[in-house]
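Engineer: here you go, sequence then predicted model.
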Amino acid sequence: MYCIECAHENDNNATKCKFCGAELHRELDDGQTRKLIQMVHKRENVARDKTNGGLVRVVLGLIFLIIGVLFIWLSFKQQSVPGVSSTITIRVFSVTCFEFYVALAGIIAGTTLLIWGIIEIALQKKNLNEYAMLVAALRSGTFVQINEETTKK
Ligand SMILES: [Zn+2]
């Protein structure tokens, strides 16, 4: 069941909201239903802001990854080695150069931001779907505060 003070979902047998401590109502009147719809809309706005935050992280993560890959390429250093007839120059990958540390930092930061952003977007997408279903149920009057016992209208 849902708390009409904070719109969080609680266990069906709960009497007090575990999120805000408010008393839970088993049956909602029209005023309480309207209040719950408003609360859910506020939470939808928060979820949309968090989704945008997730998108920013994904974009930043990709930028860091591109920088990381670029510096991996810069970590290949030219080195002269004696050949059979003359000295030849080869490109050797160096893990001790400054560029390699930049690459490492870029790839770690980029991967972290990318995963964090994707998880945030997925979580908020799930939340937004739940909120949309809840608002639709509240609007249509099919909202059930306690599944087994009471049905609204
Ligand atoms: Zn609450």
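Structural biologist: Done, it's in. Numbering: from 1, shown residues only.
Engineer: which ones are touching the residue nearest in space to the middle of the chain?
Structural biologist: In the chain, the residue lying closest to the centroid (C-alpha atoms, centre = their mean) is residue 120, at 0.3 Å. Residues in contact with residue 120, defined by C-beta atoms under 8 Å, 6 or more residues apart in numbering, are 50-51, 53-54, 57. Quick note: C-beta positions are derived from backbone N, CA and C, even for glycine.
Engineer: and it, what's its pLDDT?
Structural biologist: What the model reports for residue 120 is a pLDDT of 98.
Engineer: also residue 30?
Structural biologist: On the pLDDT scale, residue 30 is placed at 88.
Engineer: and the gap between it and the ion?
Structural biologist: 20 Å (C-beta to the ion, to the nearest Å).
Engineer: quick check: that residue vs residue 73, distance?
Structural biologist: As judged by C-beta to C-beta, to the nearest Å, residue 30 and residue 73 stand 65 Å apart.
Engineer: same thing with residue 62?
Structural biologist: 17 Å.
Engineer: between these two, who's got more neighbours?
Structural biologist: residue 62 (14 against 10; other C-beta atoms under 10 Å).
Engineer: so which helix or strand takes in the more buried one?
Structural biologist: helix 30-74 (DSSP states H and E).
Engineer: give me the contacts around the helix or strand following that helix.
Structural biologist: Using DSSP H and E, the helix or strand that follows helix 30-74 in sequence is strand 76-82. Residues outside strand 76-82 that contact it (C-beta under 8 Å, 6+ apart): 87-94, 97.
Engineer: where does this protein come near the ion, residue by residue?
Structural biologist: Residues of the chain lying near the ion by C-beta under 5 Å from the ion: 3, 5-6, 17, 19-20, 22.
Engineer: nearest to residue 83 among these?
Structural biologist: Closest approach to residue 83 among the residues of the chain next to the ion (C-beta to C-beta): residue 19, at 72.3 Å.
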